[in-house]
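Asks: sequence-free structure coming up:
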């Protein structure tokens with residue numbers, strides 16, 4: 001099914017909505033049912049079995065009945081290719097939300113008398129924090145269901161998450177999703193790790209297979225970006241970014257002064273470099289956020305056995321951030337060998353009185 005075709009069966013192509021994962025997504029008009037839909041057409045270049053990949057994605061997405069996941073209407077094909085026909089989501093991606101918010105803040109900073117009063121600034125920061133927590137809660141609840149079914153998304157990132165005008169979150173693109181197979185023998189050493197590097201857990205960059213903790217790490221990075229306006233190591237890309245993620249930890253990320261130690265602690269728990277120290281499930285993420293919401297101590301929750309001490313909110317000195325030359329070279333080589341190919345680089349109440357938990 002050619003993405004360039006103006007008509008796909010009884011679907012009239014209206015516009016191209018974007019490109020990501022393995023294909024392009026178009027807005028189209030379903031002339032039979034008289035409704036607007038989205039159609040994802042697979043990019044077959046370089047894929048070993050594009051039809052099978054698209055069918056697998058459609059089946060995985062169709063198996064999910066949580067309202068946050070996009071509904072699948074049909075799988076259409078012609079002599080050349082296949083496409084998924086799905087629900088058309090109105091709204092903007094979290095990437096657009098973050099860019100727009102950052103743009104507003106930057107414009108305000110360069111305008112004379114453009115900065116709000118300290119009280120108004122505090123209200124704006126609180127509103128942004130509340131929205132971020134609400135979004136993360138919604139995603140965690142949805143992904144909890146997916147994980148219960150043995151599905152790992154594998155490519156959670158702001159451009160794959162839509163925010164509807166109602167405030168509801170919709171999760172897109174299960175193109176990289178993996179269903180747990182206890183008898184699987186193929187390791188990541190035999191297939192390219194795919195996904196966007198900035199949101200990939202360190203163990204994934206080093207060849208680990210997809211697992212729920214990888215989605216938790218990605219969600220933690222999204223949480224960080226929603227709160228700070230930029231992803232970790234925003235100035236880096238490609239190999240440099242991968243090396244930074246492998247060699248450092250979220251303890252060394254820059255955190256804005258207005259973020260409470262509780263929020264920072266949760267982000268660090270979600271993005272812990274060692275899997276054993278990371279929150280082990282989306283249920284744990286929700287428990288942490290619930291504890292934050294209720295001004296409770298997360299150390300008293302059901303997952304206290306995996307707790308990390310609440311660290312000081314400081315950035316490690318440069319000398320401590322650097323590993324030995326031999327270690328750096330070894331990690332860089334690992335990142336080079338296991339990085340994705342170039343084609344792959346592509347709930348809440350108001351927190352009025354946050355307090356330190358000891």
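Replies: Arrived safely. Predicted, not measured: the structure shown is a model, and the values here were computed from it.
Asks: which parts of stretch 137-147 are buried?
Replies: 137-144, 146-147 (16 or more other Cβ atoms under 10 Å). Placement of C-beta: from N, CA and C, glycine included.
Asks: sort out for me which of the residues you listed are in helices.
Replies: 137-144, 146-147 (DSSP state H).
Asks: how about CSV for these, with pLDDT and distance to residue 249 added?
Replies: Below are these laid out as CSV (pLDDT from 0 to 100; distance: Cβ to Cβ, whole Å):
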residue, pLDDT, distance to residue 249
137, 97, 25
138, 98, 27
139, 98, 23
140, 98, 22
141, 97, 27
142, 97, 27
143, 96, 23
144, 97, 25
146, 93, 27
147, 95, 24
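Asks: show me where this structure has strands.
Replies: All strands of the chain, identified by DSSP state E, fall at 7-8, 11-20, 23-30, 35-42, 72-77, 82-87, 92-93, 151-152, 161-163, 169-171, 178-179.
Asks: related to what we said a few turns ago, columns distance to residue 274 on top of the ones in helices among the buried residues of stretch 137-147, output as CSV?
Replies: Shown next, in CSV, are these (distance: Cβ to Cβ, whole Å):
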residue, distance to residue 274
137, 25
138, 27
139, 23
140, 21
141, 26
142, 26
143, 21
144, 22
146, 24
147, 20
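Asks: ok, the residues you listed vs residue 161, which is closest?
Replies: Residue 161 has its nearest neighbour among those in residue 139, at 6.7 Å by Cβ to Cβ.
Asks: tell me who's in contact with the closest one.
Replies: 68, 156, 161, 169, 171, 219, 222 (Cβ atoms under 8 Å, 6 or more residues apart in numbering).
Asks: out of these, which are buried?
Replies: Counted by 16+ other Cβ under 10 Å, the contacts of residue 139 give 68, 156, 161, 169, 171, 219, 222 as buried.
Asks: which of the helices and strands in this structure ranks last by mean pLDDT?
Replies: The helix or strand of the chain with the poorest confidence is helix 318-321; it has a mean of 42 (mean pLDDT, DSSP states H and E).
Asks: low-scoring stretches of the stretch 1-150 of the chain, by residue?
Replies: 1-5, 20-22, 43-54, 78-81, 104-119 (pLDDT under 70).
Asks: let's see it at 50
Replies: The stretch 1-150 of the chain contains residues with pLDDT under 50 at 3, 46-48.
Asks: thinking again about what came up before, residue 127: which of the buried ones among the contacts of residue 139 is nearest?
Replies: residue 169 (17.2 Å).
Asks: how close does the closest one get to residue 97?
Replies: As judged by Cβ to Cβ, to the nearest Å, residue 169 and residue 97 stand 11 Å apart.
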